[in-house]
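> what shape does this take:
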Amino acid sequence: MSLPAPLSAVPERAAAATTPADRASGSSSAGPSSAELLEFVRRTAADASLVASLPLDPGGRTWVRLDGPSGSEAWLIGWPPGSGTGWHDHGGSHGAFAAAGGSLREESLAARLPTEGWKTLELADGVDRERQLTAGQGRAFGAHHVHQVLNESPGEHAISVHAYYPPLPMMRRYSRTGAVLRLEHVERPKEWQ
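This next block holds a predicted model:
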């Protein structure tokens, strides 16, 4: 599932100097840490005027690109009732997200998956994690994080702020049936920007 076209965009800051190898591995000495990204998303989620400016659509997610810290990629996202991302990773970028309104459930895997050389994996018992994030709550994650985010409310939109560094080079999309995870598609930035 691809995101719809952005509603508006805010100019990005110039990206921090990184090499292609840094971008591929998700490492750089110049970029913000996961803790700094978490601080940013929490602070931004508390900006009531920014959050209120996001147009909400009952039929699909909406978003606005934000100016993230130190060359990071950031988004303000609206989630209609019953919407979700499906299982995905962030292409080697680390990041953070925080709920600004409503409630989001994150399901994640506590296992580092190989990034190449497979189409289907059987997950071991005990790798599933779950957390509920309400307004003001956030979490940071590393470069190998695999998760899905859901707004399970039957009638209330949720809004969240997300930040990634380096800016997302790709997202791998997965399907899941029981313990079996299958790589379905690799999205590139041109598909969601």
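> all helices for the chain, in order.
Per DSSP state H, the chain carries helices over the ranges 20-25, 34-45, 48-52.
> which parts of stretch 140-151 are buried?
Counting neighbours by 16 or more other C-beta atoms under 10 Å, one finds that the buried residues in stretch 140-151 are 140, 141, 143, 144, 145, 146, 147, 148, 149, 150, 151. For the C-beta atoms, the positions are set from N, CA and C on the backbone; glycine is no exception.
> and what of stretch 56-67?
In stretch 56-67, counting by 16+ other C-beta under 10 Å, buried: 61, 62, 63, 64, 65, 66.
> just to revisit the earlier point, may I see the buried residues of stretch 140-151 arranged in CSV, with distance to residue 41 and pLDDT as well?
Formatted as CSV, the buried residues of stretch 140-151 follow (distance: C-beta to C-beta, whole Å; pLDDT from 0 to 100):
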residue, distance to residue 41, pLDDT
140, 9, 98
141, 11, 97
143, 17, 95
144, 19, 95
145, 14, 96
146, 19, 97
147, 15, 98
148, 18, 98
149, 13, 98
150, 18, 98
151, 17, 98
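> show me which of those residues is closest to residue 93.
residue 143 (6.3 Å; C-beta to C-beta).
> any stretches of this structure with poor pLDDT?
1-29, 193 (pLDDT under 70).
> just want the most central residue of it.
residue 162 (5.6 Å; C-alpha atoms, centre = their mean).
> pretty sure that residue contacts residue 94?
No: counting by C-beta atoms under 8 Å, residue 162 does not reach residue 94; the two are 11.9 Å apart.
> overlap in contacts of the two?
Counting by C-beta atoms under 8 Å, 6 or more residues apart in numbering, residue 162 and residue 94 have no shared contacts at all.
> skipping its backbone neighbours, what lies nearest residue 112 in space?
Leaving out its chain neighbours, the residue that sits closest to residue 112 by C-beta to C-beta, 6 or more residues apart in numbering is residue 144, at 4.7 Å.
> the residue lying farthest from the centre of the chain and residue 179, how far apart?
Within the chain, the residue lying farthest from the chain centre (C-alpha atoms, centre = their mean) is residue 125, at 24.8 Å. Distance, residue 125 to residue 179, by C-beta to C-beta, to the nearest Å: 8 Å.
> ditto for residue 92
For residue 92 relative to residue 179 (C-beta to C-beta), the value is 25 Å.
> look at these two and report which has more neighbours.
A direct count of neighbours by other C-beta atoms under 10 Å for residue 92 and residue 179 places residue 92 higher, at 21 against 12.
> quick revisit: could you export the helices of the chain as CSV, including distance to residue 75 and mean neighbour count?
Below are the helices of the chain laid out as CSV (distance: least, C-beta to C-beta, whole Å; neighbours: other C-beta atoms under 10 Å):
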stretch, distance to residue 75, mean neighbour count
helix 20-25, 19, 13
helix 34-45, 10, 20
helix 48-52, 12, 12
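> indicate which one of these is closest to residue 136.
helix 34-45 (6.7 Å).
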